[in-house]
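Engineer: Make a model of this:
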Amino acid sequence: MKGPLPDFTILLPVYKESLEGVLLPTIRSLQEAIKTGGSVSILVCDDGMQLLDERDFATRKAFYEANAIAYVAEEAQRVRDATPISPYWAQPERPY
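Structural biologist: Presented below is the predicted three-dimensional model:
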């Protein structure tokens, strides 16, 4: 390829994959490939973080941050006695 390498983003969807068994080797492999040049960002969409206990959640978050990996994740709802949200169809009539 002639000229500069293109910029790109690697999107890595994650659900219940193991940090040590799957994510770490995958991300290390990506980081090795990134060393060849170009501008690369890694974005992890981690839907499984909400299922982790607090210690594992903190470990995974620290790993992403220490490796400059952007991520999106929803933290688990830890409040057990919160009032549930009413479904749309149970809402009062809307004026629109």
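Engineer: what's the spacing between residue 58 and residue 29?
Structural biologist: 25 Å (Cβ to Cβ, to the nearest Å). C-beta: built from backbone N, CA, C; applies to glycine.
Engineer: repeat for residue 66
Structural biologist: To residue 29, residue 66 is 17 Å away according to Cβ to Cβ.
Engineer: In this structure, which helix is the longest?
Structural biologist: When the chain is parsed with DSSP state H, its longest helix is helix 54-66.
Engineer: Could you pull out the strands in this protein for me?
Structural biologist: Taking DSSP state E to define them, one finds strands in the chain at 8-14, 40-46, 70-72.
Engineer: Next, the buried residues of the last one.
Structural biologist: Right, strand 70-72. Residues residue 71 are the ones in strand 70-72 that count as buried (16 or more other Cβ atoms under 10 Å).
Engineer: what comes into contact with it?
Structural biologist: Residues outside strand 70-72 that contact it (Cβ atoms under 8 Å, 6 or more residues apart in numbering): 41, 42, 43, 44, 45, 46, 61, 64.
Engineer: Of those, which is the most crowded?
Structural biologist: In terms of neighbours by other Cβ atoms under 10 Å, the contacts of strand 70-72 top out with residue 46 at 23 neighbours.
Engineer: distance between the ends of stretch 36-44?
Structural biologist: Counting by Cα to Cα, to the nearest Å, you get 21 Å between the two ends of stretch 36-44.
Engineer: mind checking how far that stretch is from the chain centre?
Structural biologist: 16 Å (Cα atoms, centre = their mean, to the nearest Å).
Engineer: cool, stretch 24-34 as well?
Structural biologist: For stretch 24-34, the distance to the chain centre is 16 Å (Cα atoms, centre = their mean).
Engineer: Please apply the same query to stretch 40-60.
Structural biologist: Offset of stretch 40-60 from its chain centre (Cα atoms, centre = their mean): 5 Å.
Engineer: May I see the buried residues of it?
Structural biologist: 40, 42, 44, 46, 48, 49, 52, 57, 60.
Engineer: got the residues you listed as JSON lines, with pLDDT columns?
Structural biologist: Output for these, formatted as JSON lines (pLDDT from 0 to 100):
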{"residue": "40", "pLDDT": "84"}
{"residue": "42", "pLDDT": "89"}
{"residue": "44", "pLDDT": "93"}
{"residue": "46", "pLDDT": "92"}
{"residue": "48", "pLDDT": "88"}
{"residue": "49", "pLDDT": "89"}
{"residue": "52", "pLDDT": "89"}
{"residue": "57", "pLDDT": "90"}
{"residue": "60", "pLDDT": "92"}
